[in-house]
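Novice: Give the three-dimensional model of this entry:
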Amino acid sequence: MPKTLTVAVVGCGIGRAHIVEGYLTNPGRFRVLAVCDLDSARLDALAAEFGIERKTTVFDDLLAMDDIDIIDICTPPSVHYSQIIAALAAGKNVVCEKPLVGSLSDIDEVIAAEGRSKGKLMPIFQYRYGDGAQKAKKIIQSGIAGKPFVGTVETYWQRLPEYYAVPWRGKWATELGGVLMSHAIHNHDMLMWLMGRPKSLYGRVATRVHAIEVEDCISGSLELASGALVSLTATLGAQEEISRLHLAFENVTFESSHFPYALGDEPWRMVPRDTKVQAEIDALLADWQPVPRRFAGQMRDFHTAIVEDGTPPATTAEARAALELVAAFYHSARTRQEVAFPLGPDHPCYRTWIPQQPQSRSA
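Specialist: Numbering: from 1, shown residues only. I've put the predicted structure just below:
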């Protein structure tokens, strides 16, 4: 039997999905001992639903629980930094929803704090999990796909006015960004996970769909370190919701499923250059074992990383890359200039990309 790790979940919104998809699907690996939320009614309901005895409205209560192995942070983005730092200082392992924090300076401080802690930190990038994405990753890693040429990443989602009725959404101070931070960040992470890190970006952002402070439409042109060229597009005003990666390599072209919230799932189209490449793919995948999807797969692999003292399946360095792309987008859009990577402490958006006087667009 695997070692059972104990969990405290903070935030009963997306936290419920972590319990249902990530922890209950991994029996024997995890046991949720405590839940925390400022809304006592929602807290009571979640605790009752899953028979969780410990419940609190005070985050610090969890830090004092010596029998908690993992603190799973599912709170609004603006409080992630302080909660991550406190949990790592307490020696806890940490899971945290996206966006991990709200600036490059914050993520660098988090990386340093993780280095001092006995705990491990895993950002949530659940769309990497599912047989479609995992097969594509294996083919690319094997070298069969060859040199990357071009790609497109589309995040066509819909958010209606009631979505922004939640007080912290749509505001720089609390959401820390718009479609780049809270929605497209998953698909952009998938691009870098499969095709590699960026070299430079030219980006545009706009607020066209809702009367909010942050952006809800973006378009960008990206050159990767490999030389591959990629276009990025996202909106929250689509009438049909899809997520799509279309990546052309020397020997294989990959097209993801179009499921907006399950990008990693099959079917992925994988078109080989010829029958020889197809035979190599068939041999590589001949003994394929199904991969648990979304949170189930990511939490399973995090358990292995903790128990075997390995690297988490998604790392703080990868979370930094996702935030670096966000910072580059905002800077490029405001200056109308191309931005080169990496972005270090001397970059104008290193400490913050939040504008001095945010304005809501008129409805």
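
Novice: Provide a list of residue ranges in the chain with pLDDT below threshold.
Specialist: Applying pLDDT under 70 to the chain flags residues 1, 357-363.

Novice: Where is the longest strand in it?
Specialist: As assigned by DSSP state E, the longest strand anywhere in the chain is strand 237-249.

Novice: Do a quick rundown of the helices in the stretch 51-200 of the chain.
Specialist: 59-63, 80-89, 104-116, 131-142, 172-175, 179-182, 185-195 (DSSP state H, counting those that start in this stretch).

Novice: helix or strand for the nearest residue to Pro348 once chain neighbours are set aside, which one?
Specialist: Nearest-residue entry for Pro348: His331, 6.3 Å, with adjacent residues in sequence omitted and distances by C-beta to C-beta, 6 or more residues apart in numbering. Where C-beta positions appear, they are placed from N, C-alpha and C, glycine not excepted. Per DSSP states H and E, His331 falls inside helix 316-335.

Novice: What are the buried residues along that helix?
Specialist: Neighbour counts over helix 316-335 (16 or more other C-beta atoms under 10 Å) mark 316, 318-333 as buried.

Novice: still on that earlier bit, can you list the strands that the longest strand of the chain pairs with?
Specialist: Note on strand 237-249: by DSSP bridges, its sheet partners are strand 148-158 (antiparallel), strand 252-255 (antiparallel).

Novice: Report whether the expected contact of Ser78 with Ala173 is present.
Specialist: Yes - using C-beta atoms under 8 Å, Ser78 makes contact with Ala173 at a distance of 6.6 Å.

Novice: Same drill for the two, tell me which one is more crowded.
Specialist: When Ser78 and Ala173 are compared on other C-beta atoms under 10 Å, the one with more neighbours turns out to be Ser78, at 16 against 11.

Novice: And for the longest strand of the chain, what's in contact with it?
Specialist: For strand 237-249, contacts defined as C-beta atoms under 8 Å, 6 or more residues apart in numbering pick out 127, 140, 145-158, 186-187, 190-191, 194-195, 208-209, 216-217, 253-256, 258-261, 263.

Novice: Can you tell me which of those are buried?
Specialist: 127, 140, 145, 148-149, 151-157, 186-187, 190-191, 194-195, 209, 216-217, 253-256, 258-260, 263.

Novice: related to what we said a few turns ago, now the helix holding His331, how far from the centre of its chain.
Specialist: 13 Å (C-alpha atoms, centre = their mean, to the nearest Å).

Novice: Stretch 49-65 now?
Specialist: Worked out by C-alpha atoms, centre = their mean, stretch 49-65 lies 25 Å from the chain centre.

Novice: Stretch 347-357 too?
Specialist: 21 Å.

Novice: And for that stretch, what's in contact with it?
Specialist: 102-105, 172-173, 176-177, 326-328, 330-331, 343-344.

Novice: Can you say which two of those residues are spatially most distant?
Specialist: Ala173 and Gly344 (25.2 Å; C-beta to C-beta).

Novice: Not including adjacent chain positions, what is the nearest residue to Val10?
Specialist: Using C-beta to C-beta, 6+ apart, the closest residue to Val10 is Cys36 (4.5 Å).

Novice: Can you name the residues bridging to the one you found?
Specialist: The partner residues for Cys36, given DSSP bridges, come to Val10, Thr56.

Novice: Glu215 contacts Ser182, correct?
Specialist: No - in this structure, Glu215 is not within contact of Ser182 by C-beta under 8 Å, at 10.4 Å.

Novice: Show me where the stretch 201-350 of the chain has its strands.
Specialist: 217-224, 229-235, 237-249, 252-255, 269-272, 339-340 (DSSP state E, counting those that start in this stretch).

Novice: As TSV, the ones you listed with distance to Val166 would be great.
Specialist: Listed next are those as TSV, based on distance: least, C-beta to C-beta, whole Å:
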stretch	distance to Val166
strand 217-224	20
strand 229-235	20
strand 237-249	18
strand 252-255	34
strand 269-272	36
strand 339-340	31
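
Novice: Next, find the distance separating the residue nearest the centre of the chain from Ser221.
Specialist: Centroid-nearest residue in the chain, with C-alpha atoms, centre = their mean: Phe125, separated by 3.6 Å. Applying C-beta to C-beta, to the nearest Å, the value for Phe125 to Ser221 is 23 Å.
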